[in-house]
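Enquirer: I would like the atomic coordinates for the input below:
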Amino acid sequence: MAARNKKQTSTGSAQKQLQKAQKGKSKGGQRFHKDAKSTPSSGTWRKKMTGWHVAAVIIAVTAGVLHCMHVSNMFENDRFFSHLSELEREMTFRTEMGLYYSYYKTMITSPTFVQGLSAVMNDNVTEYPSTINVLKRFNLYPEVGLAMGYRIFRSVTESLNIRTKQCYRVERGRGLSAVSNCEGIGDPAYFYIDLIFVENGALMSLVFILATNLSGSLMGGIIAVLTFFYNHGECTRVQWTPPLRESFAYPILLLQILIVTHTLKTSHPGWKHSIAIALTTVGFMLPWQFAQFALLTQTLAIFATYVLGYIGSNKFRCIIQGQSIGLVISFVMLFGNEMLLTSFFASCLITVWIIVLLEKHIEKLPHRLLIWIVQGLMLILGVVGIKIILSKLLSTADDAHISNLFRSKFSDFRDFHTMLYICAKEFDFIESETPIRFLKTLLLPASVIALGGVVVHLCRLEYNAWKAGHDETEENAHEGKNGSNHEENNAIQERSKPHAELVYHVFQLLAFTVMGIIIMRLKLFMTPHLCIFCGILASSKVFGFFKDRNMHNAVLAGMLALMSIGGIANLRHQWSIQGDFSNAPQEEMLEWVKANLPQDAVFAGPMPTMATIKLSTLRPIVNHPHYEDVGLRARVKTVYEMYSRKPAAEVYAHIKALQAQYVVMEDSWCTRKTRDGCSLPEIFDLEDKENLGKEPLCMKLKKNPAPYFKQVFRNNVYTILKL
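Expert: Model prediction:
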């Protein structure tokens, strides 16, 4: 009966139009009526749906367990993690991963959890000599939760004398000394990564549930899960980089999208829906600084669904109310992080609230096209204008590099910070090979067919509704009927069309696709959503031209068989990856630092190496890989002058002003580049025209560091200079 209870249009006679359609006075009405007659009685429905739900739960849990095992095994195979020493395990967490893990380590090794949390919130080691609240700056709530969980787990298992890890002595060979290591969930590193893998197992369960929800078919969920596995390397990086923020945040986003989808399908959502959206929004925003951009696209997608009349302002308010509450709670829990208030997401929420509050005035405009133009202009001007005003009022430029990054994508704008991003592969445009890989697994054609099917289905329903409405308008005009203003306002607020959730997901997929094309790292939003959309191929409503259900299932089975050719080849490639992590030069350097330099020795150097220095030697550093702060970006630029063509005296003075005592240099950074113009000397050439053509300072220091620096350590990769 669900189709018969949905309201159809946004005019004062909306209810009458849909009722007329349902009575069979148009083709659309005949379709609705036919669907309604095929619905089983309530008792039969309960019996069938109970069995259906049991099957859905079993499949969802199975998919989650398989994915958890899959990513865990790949991580082990790639690094031989079980046979690494504690130091080697820490070295596998490179760049920002090592930085995040270092705070987890701080909180589990402190005498008490409160002392560890206090050390993180009053940290003078990460940006020496400044004291910063790392919990505010670095989205560290996952580490806080994991550290608390580990301490509780350790306390309980020790009190019950339960053995949770097994320790060994490992002979490494290759001239390296033997090391001790432990494996099992009682080991801090294993506890950390295993819970991440469990969460990402739940991610696959959510993929199944969301696709099943959209398609109305268990087969739709199975298709989404299989396409995710078949395109696994394009969907997630958790198997290679578990501590990254996306590993914690993306599963929560998928849960939030599922709740939004349920809200769109609910006739009269209320506060419980807003609260659920708010809580999951908080869960998504707290772990990841990029969450604001994904939520921006969600707000825009829901706004487009509202503008097209698929939902009324009441339902729209319910959703953005949850988003707004989530934003405010996140702002408070991140101790007033200004980046949240000055984000495009915040300015977009303010703008759409204004548009909704002015709805009754905007809807009085004479033409629907004019209403859309006004709403679109208000949105663009409001988002940009409010963003600028908030940034000026709060005097913050922490996210300026992100705007510059997008600016550089579509212009010849370049500066030092932008080049550090666009020279990194993950922040470049999507690889040209990616669509080819999608073609081999049939992900691209399958998702395009699903998208086309949804669009055609929606257009057919729109035409039928328009035709029914046209007949209704002529009848009312003949009878002289006209609704009151109050009735029209209520109709606008409560308006509804079938399949609002599909409209939202169409816009959400398009937004995620644009994000993934512009910045390759963000294809983790695009590819899973393509997989979810493939599940709609199993929808009997969208692809209703299959009169025979068995024929429909046979076509889907054939499609999956063809997908499996490329998909299983991809899985076999992932399973064949066998690694054995070893970084002897870095290990030698770290052991030398721990043995020969005082605990308060202050370091500067390449961002990835600084994270490892802090994690494994516990020495203070002046720069690090978390780039979302204008002050930190200035520090990085100062330290990286070691690789510019500036005079040694000038660079020495600048680094000395940061109170660094030692500089770590990596020889390869002098000449390494991913493409033309991407070596550090070339990046500095963009702004340092005065020293163009001179030999890079790093090359000079390699030959003779005197008189401003003194070499105290050197191997074939790393050099440590004392100021």
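Enquirer: Okay, helices next: where are they in the stretch 351-500 of the chain?
Expert: Taking DSSP state H, counting those that start in this stretch as the test, the helices found in the stretch 351-500 of the chain are 359-362, 368-394, 400-409, 416-422, 433-440, 443-479, 485-494, 500-518.
Enquirer: Which elements pack onto the shortest one?
Expert: The reference is to helix 359-362. Under the contact criterion of 3 or more Cβ pairs under 8 Å, 6 or more residues apart in numbering; DSSP states H and E, helix 359-362 touches helix 368-394, helix 485-494. C-beta coordinates here come from the backbone N, C-alpha and C atoms, glycine included.
Enquirer: Go again with 10 Å.
Expert: Packed against helix 359-362 by the contact rule (3 or more Cβ pairs under 10 Å, 6 or more residues apart in numbering; DSSP states H and E) you find helix 313-333, helix 368-394, helix 485-494.
Enquirer: can you put those helices in CSV and add mean neighbour count?
Expert: Output for these, formatted as CSV (neighbours: other Cβ atoms under 10 Å):
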stretch, mean neighbour count
helix 313-333, 20
helix 368-394, 15
helix 485-494, 16
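Enquirer: possible to save those as TSV with distance to residue 266 and mean pLDDT?
Expert: Output for the helices and strands packed on helix 359-362, formatted as TSV (distance: least, Cβ to Cβ, whole Å; pLDDT from 0 to 100):
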stretch	distance to residue 266	mean pLDDT
helix 313-333	8	96
helix 368-394	24	93
helix 485-494	13	59
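Enquirer: Pick out the least confidently modelled helix or strand of this protein, by mean pLDDT.
Expert: helix 27-37 (a mean of 36; mean pLDDT, DSSP states H and E).
Enquirer: Enumerate the positions of stretch 424-438 that are buried.
Expert: Residues of stretch 424-438 classed as buried under the neighbour-count rule (16 or more other Cβ atoms under 10 Å) are 427, 428, 430, 434, 437, 438.
Enquirer: what's in contact with that stretch?
Expert: 227, 231, 233-234, 237, 405, 408-409, 418, 420-422, 443-448, 513, 515-523, 526-527, 530, 566, 570, 674-675, 678 (Cβ atoms under 10 Å, 6 or more residues apart in numbering).
Enquirer: related to what we said a few turns ago, tell me the first helix or strand C-terminal of the least confident helix or strand of the chain.
Expert: Toward the C-terminal end, the helix or strand that comes next after helix 27-37 (DSSP states H and E) is helix 42-79.
Enquirer: now the next helix or strand after that following helix: mean pLDDT?
Expert: Downstream of helix 42-79, the next assigned helix or strand under DSSP H and E is helix 86-92. Mean pLDDT, helix 86-92: 92.
Enquirer: Please apply the same query to stretch 346-353.
Expert: pLDDT averaged over stretch 346-353 gives 96.
Enquirer: Alpha carbons of it, as PDB, please.
Expert: What follows is stretch 346-353, C-alpha atoms only, in PDB (Å, rounded to 0.1, in the frame of the first residue of the first chain):
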ATOM      1  CA  ALA A 346      28.300  25.600   7.400                       C
ATOM      2  CA  SER A 347      27.500  28.400   5.000                       C
ATOM      3  CA  CYS A 348      25.400  26.100   2.900                       C
ATOM      4  CA  LEU A 349      23.400  25.000   5.800                       C
ATOM      5  CA  ILE A 350      22.700  28.600   6.800                       C
ATOM      6  CA  THR A 351      21.700  29.400   3.200                       C
ATOM      7  CA  VAL A 352      19.200  26.600   2.800                       C
ATOM      8  CA  TRP A 353      17.700  27.400   6.200                       C
END
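Enquirer: Please compute how far it lies from its chain's middle.
Expert: How far stretch 346-353 lies from its chain's middle: 21 Å, per Cα atoms, centre = their mean, to the nearest Å.
Enquirer: Need the per-residue pLDDT for residue 40.
Expert: On the pLDDT scale, residue 40 gets 38.
Enquirer: same thing with residue 633?
Expert: 91.
Enquirer: is it true that it touches residue 624?
Expert: No: assessed by Cβ atoms under 10 Å, residue 633 is found out of contact with residue 624, at 11.2 Å.
Enquirer: Looking only at neighbour counts, state which of the two leads.
Expert: residue 624 (25 against 19; other Cβ atoms under 10 Å).
Enquirer: Ramachandran coordinates for the more buried one?
Expert: phi -160, psi 180 (degrees, to the nearest 10).
Enquirer: burial count for residue 91?
Expert: As a burial measure, residue 91 scores 20 neighbours (other Cβ under 10 Å).
Enquirer: Who are the contact partners of residue 586?
Expert: Contacts of residue 586 (Cβ under 10 Å, 6+ apart): 87, 88, 91, 94, 609, 612, 613, 616, 666, 715, 717, 718.
Enquirer: same thing but 8 Å
Expert: Neighbouring residues of residue 586 by Cβ atoms under 8 Å, 6 or more residues apart in numbering: 91, 609, 612, 717, 718.
Enquirer: The nearest residue to the first one once chain neighbours are set aside and residue 644, how far apart?
Expert: Ranked by Cβ to Cβ, 6 or more residues apart in numbering and with sequence neighbours excluded, the top spatial neighbour of residue 91 is residue 583, at 5.4 Å. Distance, residue 583 to residue 644, using Cβ to Cβ, to the nearest Å: 27 Å.
Enquirer: When those two are compared, which one has more neighbours?
Expert: residue 644 (23 against 16).
Enquirer: Nearest residue to that one in space, ignoring adjacent ones along the chain?
Expert: residue 684 (3.8 Å).
Enquirer: Show the contacting residues for that neighbour.
Expert: Per Cβ under 8 Å, 6+ apart, neighbours of residue 684: 416, 640, 641, 643, 644, 645, 646.
Enquirer: Highest neighbour count among those residues?
Expert: Counting neighbours by other Cβ under 10 Å, the top entry in the contacts of residue 684 is residue 643, with 26 neighbours.
Enquirer: How far away from the center of its chain is the helix or strand harbouring residue 558?
Expert: Taking DSSP H and E as the criterion, residue 558 maps to helix 549-576. Computed by Cα atoms, centre = their mean, the separation of helix 549-576 from the middle of its chain amounts to 27 Å.
Enquirer: Could you do stretch 349-359 as well?
Expert: With Cα atoms, centre = their mean, you get 26 Å for stretch 349-359.
Enquirer: For it, which outside residues touch it?
Expert: Applying Cβ under 8 Å, 6+ apart, the contact partners of stretch 349-359 are 299, 303, 313, 316-317, 320, 323-324, 327, 362, 375, 378-379, 382-383, 386, 492-493.
Enquirer: Show the backbone phi and psi for residue 721.
Expert: phi -110, psi 140.
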